[in-house]
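[1] following is a predicted model, sequence given first.
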Amino acid sequence: MKTETFHLELITPCFCGGAEPEKQAEIRAPSIRGQLRWWFRTLGGFKSLAARGLSVRAQEALIFGSTAGEEGQAGKLVVRVKNGPAPSTTTRDDREFHAEVGTDRGYLAFPLRSKRKRENGMERLVEYKGKAAYDWEDSKGNKLALPTFDLQLIWRGDLANWPDIEALVVVFGNLGALGFRSRRALGALRIASHSTSQHLTLALDRFGKHTNQHDWQSRICITEATARPPNAPYVNRSADDCIVTLARWLKDWRSHGRTVDHATARPPNPPHNSGFDPFAKNDHDRGVAVGLREGSPNDQTFRPALGLPIIQFFSSGKPQVDWNERWDPEKARRNRNYKGEGRFASPILLRPHRDAAGNWHALVIFVDAHKWPRDKQVYLNGQPRRVSLDLYNQMKQDRHLTPFP
């Protein structure tokens, strides 16, 4: 049996709630275990176990346990959190998190927007969207220290496989995150101190099915955003700088930007956003057509490949359009309020990262292992539409991205 402790720290605010995320945030061992399992599966298991003829599923059952079949199988890996912070009851909505509409942070944390209504010159809170968080500043903007914690792993398997388990923690501690909006720069982690000598690349090289040294590159593509769109050089000197860089990079590709990209916009001539034409403009127009009960199932869309569901609103008063992964005609027949169902987690991870030397990097990770399935449709208000990976692939080729590490 092998027992090892890793000291980790949060480097961006974390909304890591449990059963009641709107009331309490806490660092929980089951959440970390789930993240370790996700990275293990995403990277295709360990080469050392694949060489013994074990499939990824068999490896996963060995390491994490399984309830499949008539008999359960206990895993060999025990995960514990030691010396963690007390649960936080500090709640944050968009304004309390300084993520108002129009800000860079607000673009990444838009689900925190509380609903407000203005009546007779006064604003009234209609629905509070705040969640409990470990934040790096108080409601007045004063700096706070984000928490640290010890991650203790107990390995009850073959000691020859311990370097693989250690590699999994190195990957999680460098590229992983916890909690709500963890794919969008929040809850990012760093291994603050540990005796491991494994570099991130060496750790990644322990994963995959083949002897190829960089087999993991067929499953994830790690890049670094080195400039703010469109062309201004920018140095990331803090986690907040990285969030700004990542938010502006994503917005440059995803935002419809009708105001700044309209034909009547001021110089330089539009489009200003890299993804406006044909991608964002096309998907905007697809939503308009569906709302007007027009269009064809052969019409192509792009944004579903970056995550679902999507709710499309129009300032012009056109009908709202809900984009969903699945559509059940029978449920729609029985319930007039049925909007569709299913979620597709974004295969693009935005990660502020601090290396061992203390330097900051704004990482954009393309998880090819979980990209949109070929020939799978999306449903706009129940109407099927084709999904293309062209936008996803163009984002990977962005000249503002460089390979990392």
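    Yes, it's here.
[2] ok, Cys14 - contacts?
    With Cβ atoms under 8 Å, 6 or more residues apart in numbering as the criterion, the residues that contact Cys14 are Ala25, Ala133, Tyr134, Leu146, Ala177, Leu178, Gly179, Leu186, Gly187. C-beta coordinates here come from the backbone N, C-alpha and C atoms, glycine included.
[3] and which of the residues you listed is nearest to Val321?
    Nearest to Val321 out of the contacts of Cys14 is Leu186 (Cβ to Cβ; 27.3 Å).
[4] neighbour-wise, give me the winner out of the contacts of Cys14.
    Counting neighbours by other Cβ atoms under 10 Å, Ala25 comes out on top of those with 31 neighbours.
[5] which strand residues bridge that residue?
    For Ala25, the beta-bridge partners are Gly17, Ser88 (DSSP bridges).
[6] does it touch Pro87 like I think?
    Yes - assessed by Cβ atoms under 8 Å, Ala25 is found in contact with Pro87 at 6.5 Å.
[7] now the common contact residues for those two.
    With Cβ under 8 Å, 6+ apart as the test, Ala25 and Pro87 both reach Ala132.
[8] okay, the contacts of Cys14 in TSV with secondary structure and distance to Lys115 next?
    Output for those, formatted as TSV (DSSP: H, G, I helix; E, B strand; the rest coil; distance: Cβ to Cβ, whole Å):
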residue	secondary structure	distance to Lys115
Ala25	strand	22
Ala133	coil	19
Tyr134	strand	25
Leu146	coil	29
Ala177	strand	27
Leu178	coil	27
Gly179	coil	22
Leu186	coil	21
Gly187	coil	24
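[9] for the stretch 51-200 of the chain, which segments count as helices?
    56-64, 104-108, 162-175, 200-204 (DSSP state H, counting those that start in this stretch).
[10] relative to Arg326, which of the ones you listed is closest?
    helix 56-64 (24.4 Å).
[11] tell me how far that closest one is from the chain's mean position?
    Relative to the mean C-alpha coordinate of its chain, helix 56-64 is positioned 24 Å out (Cα atoms, centre = their mean, to the nearest Å).
[12] same question for stretch 76-95.
    Averaging C-alpha positions (Cα atoms, centre = their mean) puts stretch 76-95 18 Å from its chain's average.
[13] tell me the buried residues in it?
    By 16 or more other Cβ atoms under 10 Å, the buried positions in stretch 76-95 come out as 76-77, 79, 81, 84-85, 87-88, 90-95.
[14] now swap in stretch 318-337 and tell me
    Val321, Asp322, Trp323, Asn324, Glu325, Trp327.
[15] next one: that stretch to chain centre, how far?
    26 Å.
[16] after the helix or strand of the chain with the lowest mean pLDDT, next one along is what?
    None of the helices or strands of the chain scores lower by mean pLDDT, DSSP states H and E than strand 232-233, at a mean of 54. Counting by DSSP states H and E, the next helix or strand C-terminal to strand 232-233 is helix 239-254.
[17] how about the residue most central in space within the chain, what does it touch?
    Taking Cα atoms, centre = their mean as the criterion, Arg183 is the residue nearest the geometric centre of the chain, at 1.3 Å. Arg183 sits next to Ala177, Gly307, Ala345, Ser346, Ile348, Leu349, Leu350 when contact means Cβ under 8 Å, 6+ apart.
[18] in this structure the third one contacts Pro309, no?
    In other words, Ala345. No - in this structure Ala345 lies outside contact range of Pro309 using Cβ under 8 Å: 11.2 Å.
[19] any idea how far Pro319 lies from Gln312?
    The spacing between Pro319 and Gln312, counted by Cβ to Cβ, to the nearest Å, is 9 Å.
[20] same check on Gly187?
    For Gly187, the distance to Gln312 (Cβ to Cβ) stands at 27 Å.
[21] with His214 instead?
    39 Å.
[22] compare the two (neighbour count), which wins?
    Higher neighbour count among His214 and Gln312: Gln312, with 21 against 10, using other Cβ under 10 Å.
[23] now the more buried one: how far from Pro21?
    From Gln312 across to Pro21, the span is 26 Å (Cβ to Cβ).
[24] before we move on, what about Leu151?
    Taken as Cβ to Cβ, the span from Leu151 to Pro21 is 21 Å.
[25] neighbour count: the two, which is higher?
    The residue with more neighbours, out of Leu151 and Pro21, is Leu151; 25 against 18, by other Cβ under 10 Å.
[26] contact partners for that one?
    Thr5, Phe6, His7, Leu8, Ile32, Val79, Arg80, Val81, Lys82, Val169.
[27] tell me the pLDDT at it?
    For Leu151, the pLDDT comes out at 97.
[28] now the phi/psi pair for the residue sitting furthest away from the middle of the chain, please.
    Taking Cα atoms, centre = their mean, the residue of the chain most remote from its mean C-alpha position is Asn120, at 39.9 Å. Torsion angles at Asn120 (phi, psi; degrees, to the nearest 10) stand at phi 50, psi 40.
[29] over to Ser114?
    Torsion angles, degrees, to the nearest 10, at Ser114: phi -70, psi 150.
[30] distance check, it against Gly102.
    In this view, Ser114 and Gly102 are 15 Å apart by Cβ to Cβ.
[31] between the two, tell me which one has more neighbours.
    The residue with more neighbours, out of Ser114 and Gly102, is Ser114; 14 against 6, by other Cβ under 10 Å.
[32] hmm, the more buried one is touching Glu127, no?
    Yes - Ser114 is within contact range of Glu127, at 6.3 Å (criterion: Cβ under 8 Å).
[33] what's the local residue count around Phe40?
    Neighbourhood size, Phe40 [other Cβ under 10 Å]: 23.
[34] leaving out chain neighbours, which residue sits closest to it?
    Spatial nearest neighbour of Phe40, chain neighbours left out: Leu168 (5.9 Å); criterion: Cβ to Cβ, 6 or more residues apart in numbering.
[35] how close does the one you found get to Phe314?
    Leu168 is 45 Å from Phe314, where distance means Cβ to Cβ.
[36] the two - which one has more neighbours?
    Leu168 (23 against 14).
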